[in-house]
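Trainee: sequence and predicted structure below; questions after.
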Amino acid sequence: MTPAVEAVKGAGITFELHEYEGVEVGEGDYATAVAEALERPPAQLYKTLVAKVDGELAVFIIPADRMLDLRAVGKRAELAAKAEAERTTGYVVGGISPLGQRKRLPTTIDASVYEWETILVSAGRRGLQIELAPSDLIALTDAKVGELTR
């Protein structure tokens, strides 16, 4: 099991794991392709992005079908380099989970999360998603909620 799954199990909350195979995206968006593979609306699957805001790393969780509005998160904001995101979280890009990260980073979830009874996020590796209630994800990550997308 991944650290993300262990974190959810340890918290004793209700969750469901979803496995998928063969997601090839080429030039497309990986998170949207995963939502399609799981036969879920892309807006219900949330991707985990690591960004540098004013020189500090932070995690932003947004719907698969939207883009992070870097101007909304800070004046000097940019996505973290792949190697830095992987080293800090302990996960591989495409499988970065907001849960069970090597180093806990400040986390913000897009306000659209309240539109869903459950959402899906990476369970810590490609091919595995975890479905849980938004309130549980917010509690487990000690996240703030805000308008993050465009």
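Mentor: The structure has been received and is ready for your questions.
Trainee: going by C-alpha atoms from here, please, whenever you check contacts or count neighbours.
Mentor: OK.
Trainee: quick check, central residue of the chain?
Mentor: Closest to where the C-alpha atoms of the chain average out (Cα atoms, centre = their mean) is residue 48, at 2.5 Å.
Trainee: and that one, what does it touch?
Mentor: 59, 60, 61, 62, 96, 97, 98, 121, 122 (Cα atoms under 8 Å, 6 or more residues apart in numbering).
Trainee: secondary structure class for the residue in the chain sticking out farthest from the centre?
Mentor: The centre of the chain is farthest from one residue, residue 75, which by Cα atoms, centre = their mean lies 22.2 Å away. Secondary structure, DSSP: H, G, I helix; E, B strand; the rest coil: residue 75 is coil.
Trainee: show the pLDDT at it.
Mentor: Note on residue 75: pLDDT of 86.
Trainee: and it, what is it in contact with?
Mentor: Taking Cα under 8 Å, 6+ apart, one finds 53, 54 in contact with residue 75.
Trainee: residue 129 - that's part of a helix, no?
Mentor: No. Under three-state DSSP, residue 129 sits outside any helix and is assigned strand.
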